[in-house]
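**Student:** predicted structure and sequence below. I'll ask about it afterward.
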Amino acid sequence: MTVAELDAVLLPGGVSDAVDEIVSGVLRRCRESAHTDEDVLLDALAAGPWALRSVEVSGFRGAANGTDPDGAYPDPFRLELPNSAGVVVVHAPNGTGKSTITDALEVALFGGIKLSPAFDSTDARRPTALHADAERADVLVILDNDRGDRLRLNWRLAAGVEKTAVTWYSHDAPEDISEIPGSVWAAAVAARRPVVGYDHLAHRLRGGRLADFVQDTLSLGDVWWQVLNLLKTDHDAALHAHDEWLRVRGEVTDALELLDEEFARRYPEIRAPRAVELPETPTEDVATWFSTCFGSTAESMSAVEVDRLLSREVAQARASALAALNRSERAQAQSNQELWSGGGLSALGDLLDHLSAHEKGPCPICGGATGDWSDKARSTVADLRLVREEFNLAQAELHALGELLVDKLLPLLRIADCIAHTDGVTDRLCALIEPLIDRSPRSEHDRAWQALRAVAEDEEFDHQVHSVLTKLGTVFDELAHWRAARRRCCLPLVEAQTKHGAAAVRLEDHRKALDRVAHAFDAVHGDRRNAVQSAVNEQLHRLLADVQFGGLTLTAGASDHDGFGETTTLQLSLNGRDTGMGLLSAGQYNALVLALVLGVSDAGPFRFLVLDDPVHAFDEFRTDIFAELVTRRAAAGGQVVLLTHDTQLVDMLRHHVPDLCLIKLARDEAGNIEQVDATHPWQPLIADARALLRSNTDNTGRSLVLSDTSAGLLVLGFCRQAIDAALREFVLAYGHRAGNSRAALAGLNRAFSTNAAIDVAKRLAGEGHPAQPVLEKLDPRYVHELNGGAHADTTTLQSIAGHLADRVQRAEKFCIDLLSTVDR
């Protein structure tokens with residue numbers, strides 16, 4: 001899969017949260033780091049489906065063509081595949097180069113020996129790509145698509161160095177694109193396996209390697225692993241940052257505990273301050289926490305400063321208040337007057353002024369006859385005014401003392417009670433002062449006046465206040481050191497937050513991103529696995545129709561943060577129970593292998609599928625089913641190339657494929673591979689007969705090497721085989737059109753002579769068919785000569801010794817005339 005495809009899977013709704021941002025960033029890095037050359041090649045693959053048009057080989061193992069040794073053809077061997085052929089069969093005996101072609105094709109497609117499954121590094125035979133005595137090897141593969149684009153894959157090995165180039169000729173591109181394929185390209189090819197050689201079918205896909213084949217086929221490509229590795233790297237970095245943050249926090253916690261223990265021993269008179277509450281995770285605002293706890297500097301750590309002169313100020317205020325109280329009480333005692341309110345005194349003065357005209361008469365209040373009552377009254381008012389003034393002064397001093405005690409001293413006493421051991425002194429002082437909170441002295445009998453009187457009259461008050469404030473000042477200095485030390489202990493946590501916080505805070509998001517990728521991979525891999533399983537089971541139900549086939553199940557493990565669940569296991573059910581691969585017969589196992597090959601290559605960038613000796617260990621039943629599956633694939637637009645020596649497979653394919661393309665290979669003693677057009681199997685037989693006559697006859701018609709009898713025996717044998725092949729092709733083609741080719745072929749197989757085969761053809765064609773005159777014109781005496789040659793009848797052979805060329809021409813004419821009636 002490409003990065004764009006992963007983007008659609010992992011971010012279907014775009015980027016909307018932190019996890020999306022992480023995934024999007026990783027995908028962007030994948031795009032930036034992607035190997036652009038191979039991206040172009042993947043684009044070329046996506047321009048398919050590609051059909052196979054030709055394979056050109058020189059110097060590759062098994063092909064002397066195009067090399068320097070004596071006897072080697074100067075030109076490479078070239079296998080041409082017609083555009084119109086959906087099924088191509090390369091029919092040749094073993095040892096004629098079929099595996100050479102498939103291995104060379106596989107090496108070119110995969111991009112090199114090291115990337116190709118055709119060369120197994122664990123093979124004890126240590127296979128080599130060079131033909132014997134060859135100094136270099138070349139393979140050229142041509143693919144094309146329906147739009148007329150072309151892919152040219154050129155592999156070359158010289159002096160132990162291999163080079164591969166893939167050139168894309170596209171009508172949509174302004175110029176040709178040529179790049180070097182690598183592992184990404186090879187993985188894309190391996191996912192569809194367009195070429196499966198005989199060595200794979202017969203050996204390498206046995207045992208556990210079959211599961212490896214399926215696993216490679218189901219592979220989603222390196223991009224998934226690239227995304228996972230990048231995410232895991234980021235996750236590990238976040239995890240490391242988180243662990244480092246926690247490590248620093250742990251060290252700070254331990255350091256604070258040791259510090260508090262040390263300061264508690266050093267300053268036993270101090271109540272230990274509340275333990276520092278450290279942030280639990282890097283997600284908290286560490287900077288704000290630090291500023292709140294310690295401020296920006298060590299000097300700002302004391303919320304309250306101790307006024308060193310406060311005890312003197314309190315003592316002076318208390319003394320002033322006590323003196324004022326004493327004067328007020330003394331004024332009352334000396335005047336023997338009660339305290340009047342200010343308003344009462346004013347009224348009394350006004351009254352005296354009004355009665356000043358009657359100073360000599362009796363008292364206006366009591367009516368007594370005493371004299372000079374006004375002087376006495378005025379003296380009394382003066383005394384009352386003095387008492388009031390002294391009271392007001394005492395009230396003012398008490399009020400000032402109360403404000404000083406409540407506003408300045410009480411907060412310090414409370415702090416002292418929290419941070420220092422004072423043996424209950426602060427409790428006593430607070431008890432004296434707290435009744436003054438929100439109260440002012442208004443009269444001698446209210447609570448505030450009494451409380452202030454108690455303070456003013458307390459002889460130990462000044463000493464206790466002085467001792468508490470002195471200790472508090474000392475404690476504040478000690479606490480400042482303590483807090484400064486705590487601040488220094490906590491600074492590493494602030495530094496850790498600066499260094500690791502940004503990464504550590506995203507740890508959970510990275511975990512979620514990894515979970516998303518793992519789950520998405522399992523979903524996509526599961527869909528592909530189910531599709532392959534369905535396609536394979538469809539093939540297996542046909543190929544294993546002779547047993548109770550239950551199905552093939554492909555399973556894979558679950559993915560996690562450490563890797564993807566790509567390991568695939570195969571479970572096969574036959575005859576109602578699970579069956580191990582080792583319990584299958586050779587034919588059943590090969591059916592399983594072919595079903596997998598057909599299933600996994602059914603879709604993708606390659607239209608073609610090349611199989612070397614696919615019906616290994618197949619009986620007639622499975623061979624026929626395989627031929628039917630191949631036909632269906634070709635009918636759906638696929639291209640199937642089969643390399644085989646099996647005549648039965650060719651016959652059955654002829655039954656299913658009316659336009660079957662047959663190609664014959666041959667290899668001479670020098671190792672040159674040759675292609676013979678064998679679309680009509682009788683053609684090479686006629687060609688062989690003529691070649692024998694040419695090589696064995698001089699200009700006068702005399703035999704050079706073989707005797708007339710031996711030459712006649714071979715030539716008549718070729719002619720008889722050609723006529724038999726033409727009869728078989730006619731029966732297959734006509735039977736296919738009539739819908740009974742299988743029965744017709746079975747009847748032909750029961751005919752053990754040429755005459756019997758002619759009779760089968762006559763019955764099949766029936767009266768009035770254009771083939772009847774052709775069959776009738778075949779001279780029985782000519783057929784007798786053919787039979788005589790087959791039985792080495794010397795009399796017959798000697799009688800026609802000078803007419804062998806005529807017999808070859810008769811056979812060729814019969815074949816051409818007979819098969820020309822098929823289309824009529």
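**Tutor:** Perfect, thanks for sending it.
**Student:** ok, which stretches of the stretch 151-300 of the chain are strands?
**Tutor:** Assigned by DSSP state E, counting those that start in this stretch, the stretch 151-300 of the chain shows strands spanning 161-169, 177-179, 195-196.
**Student:** the longest one - which strands sit beside it in the sheet, and in what orientation?
**Tutor:** This means strand 161-169. Using DSSP bridges, the strands paired with strand 161-169 in its sheet are strand 150-158 (antiparallel), strand 177-179 (antiparallel).
**Student:** just to revisit the earlier point, which of the strands of the stretch 151-300 of the chain sits most buried?
**Tutor:** Most buried of these, by mean neighbour count (mean count of other CB atoms under 10 Å): strand 195-196, with a mean of 28. Backbone N, C-alpha and C define where each C-beta goes, glycine included.
**Student:** residue 465 is nearest to which of the strands of the stretch 151-300 of the chain?
**Tutor:** Among these, strand 177-179 comes nearest to residue 465, with 92.6 Å by CB to CB.
**Student:** need the residues that contact the closest one.
**Tutor:** Residues from elsewhere that reach strand 177-179 (CB atoms under 8 Å, 6 or more residues apart in numbering): 37-38, 40-41, 44, 165-168, 170.
**Student:** in the sheet, who's paired with residue 665?
**Tutor:** residue 675.
**Student:** per-residue pLDDT, it?
**Tutor:** Per-residue confidence (pLDDT) for residue 665: 87.
**Student:** surely it meets residue 90?
**Tutor:** Yes - the criterion here is CB atoms under 8 Å, and residue 665 meets it with residue 90 at 6.0 Å.
**Student:** which neighbours do the two share?
**Tutor:** Joint contacts of residue 665 and residue 90 (CB under 8 Å, 6+ apart) are residue 98.
**Student:** these two: which has the busier surroundings?
**Tutor:** residue 90 (25 against 22; other CB atoms under 10 Å).
**Student:** mind listing what's buried in stretch 547-555?
**Tutor:** Residues 549-550, 552, 554 are the ones in stretch 547-555 that count as buried (16 or more other CB atoms under 10 Å).
**Student:** which single one of those is nearest to residue 239?
**Tutor:** Set against residue 239, the nearest of those by CB to CB is residue 554 (34.2 Å).
**Student:** mind checking the SS state of that closest one?
**Tutor:** Here residue 554 takes the strand state, with states given by DSSP: H, G, I helix; E, B strand; the rest coil.
**Student:** tell me what it is bridged to.
**Tutor:** residue 570.
**Student:** what residues are up against it?
**Tutor:** Taking CB under 8 Å, 6+ apart, one finds 214, 218, 529, 532-533, 568-570 in contact with residue 554.
**Student:** ok, and the closest non-adjacent residue to residue 318?
**Tutor:** Closest residue to residue 318 apart from its sequence neighbours, by CB to CB, 6 or more residues apart in numbering: residue 456 at 5.5 Å.
**Student:** ok, back up a step: lowest-confidence stretch among the strands paired with strand 161-169?
**Tutor:** strand 177-179 (a mean of 84).
**Student:** that one: how far from the chain's middle?
**Tutor:** When C-alpha coordinates are averaged (CA atoms, centre = their mean, to the nearest Å), strand 177-179 and its chain have centres 28 Å apart.
**Student:** cool, and stretch 746-756?
**Tutor:** Relative to its chain's centre, stretch 746-756 lies at 62 Å (CA atoms, centre = their mean).
**Student:** tell me which residues in it are buried?
**Tutor:** 747-748, 751, 754.
**Student:** from these, which ones fall inside helices?
**Tutor:** 747-748, 754 (DSSP state H).
**Student:** make JSON lines out of those and add distance to residue 577 and pLDDT.
**Tutor:** Output for those, formatted as JSON lines (distance: CB to CB, whole Å; pLDDT from 0 to 100):
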{"residue": "747", "distance to residue 577": "41", "pLDDT": "79"}
{"residue": "748", "distance to residue 577": "42", "pLDDT": "79"}
{"residue": "754", "distance to residue 577": "51", "pLDDT": "86"}
